[in-house]
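Participant: Kindly generate the corresponding structure for this input.
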Amino acid sequence: MINDDIKNTKQRSTHAAQGFRNELVILHDMITDAKECILLLQNAFIYHNAKLLKESKEKIAAMKKSSASLKRDMEQTVSYNPDMKPYALIPAHLSKIVDNIEKLSECVDKKNIESILFSERAVKETLFLLQRLNEILSPTADIMLARNTFLRMYIEESQAGVGKMATEYATLHEERLIKGVCLPISSSLYLIMLDTIKSIAWHTKEIAICLAGK
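Facilitator: Modelled structure (predicted):
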């Protein structure tokens, strides 16, 4: 009887370890997909490309589906192995990242369909922040598999830079709006995009802190 209990415990432990490895791969792949979505949206934004936008929406739908089951699976894994507790909050942050990418997709879609014009400066600022966001997502995918302090520091510093620039861009944009350089219809869309970019960067930073501490 005791031997059976030991055997069952080992089997559960082995199963939990295997499940955790699978979940790490899913986490890594979801961040990689998020990065690819941002790149697709970046190009859809530049070239008004409906095909790229559709591809990003398909990826977003797949990520939302994975995110729904991942939270439950991770909670179960952490209950078997308390050492994996740092990963417990990751699915929630990933879900927020996906939600904000979806919001970003809706903004690009609206801009393209309604032919809403951004000023040259607003276009450059948006593209610059999207590029910086992709540069944050790459090490965020890596930190899922290797809980590295240097990666965390890089992600934190990069997120702080994106947040600061987005805030400055919003302030300068409001000044341009007052002067009549920018149109109100494009203004609201631009500010929403800035806000979603800031939010995505913030949640990537929180993931890094969860996994590699302060």
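Participant: This protein: helices as residue ranges?
Facilitator: 2-47, 50-80, 90-113, 120-145, 149-179, 184-212 (DSSP state H).
Participant: which residues does residue 52 contact?
Facilitator: The neighbourhood of residue 52, defined by Cβ atoms under 8 Å, 6 or more residues apart in numbering, consists of 40, 41, 43, 44. The C-beta positions use only the backbone N, C-alpha and C, and glycine is treated the same way.
Participant: backbone phi and psi for residue 183, please?
Facilitator: Backbone dihedrals for residue 183, given as degrees, to the nearest 10, come out at phi -90, psi 140.
Participant: Now for it, how many residues are close by?
Facilitator: Residues contacting residue 183 under the criterion other Cβ atoms under 10 Å number 15.
Participant: my guess is it contacts residue 117, does it?
Facilitator: Yes. Using Cβ atoms under 8 Å, residue 183 is in contact with residue 117, at 7.2 Å.
Participant: picking that back up, Throw together a ChimeraX command that grabs the buried residues out of the contacts of residue 52.
Facilitator: To isolate the buried members of the contacts of residue 52 in ChimeraX, using 16 or more other Cβ atoms under 10 Å:
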select :40,41,43,44
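Participant: Of the contacts of residue 52, just say which sits nearest to residue 142.
Facilitator: Compare each of the contacts of residue 52 with residue 142 using Cβ to Cβ and the shortest gap goes to residue 40, at 20.9 Å.
Participant: Next one, pLDDT for the residue nearest the centre of the chain please.
Facilitator: Ranked by distance to the mean C-alpha position of the chain (Cα atoms, centre = their mean), the top residue is residue 97 at 3.6 Å. The predicted structure scores residue 97 at 97 on the pLDDT scale.
Participant: Would you enumerate the residues in contact with residue 108?
Facilitator: Applying Cβ under 8 Å, 6+ apart to residue 108 gives the contacts 41, 44, 45, 53.
Participant: Reformat these as TSV; add pLDDT and distance to residue 32.
Facilitator: What follows is these, written out as TSV (pLDDT from 0 to 100; distance: Cβ to Cβ, whole Å):
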residue	pLDDT	distance to residue 32
41	97	15
44	97	19
45	96	20
53	96	19
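Participant: still on that earlier bit, among the helices of the chain, show the one with the smallest mean pLDDT.
Facilitator: When mean pLDDT is averaged over each of the helices of the chain, helix 2-47 scores lowest at a mean of 75.
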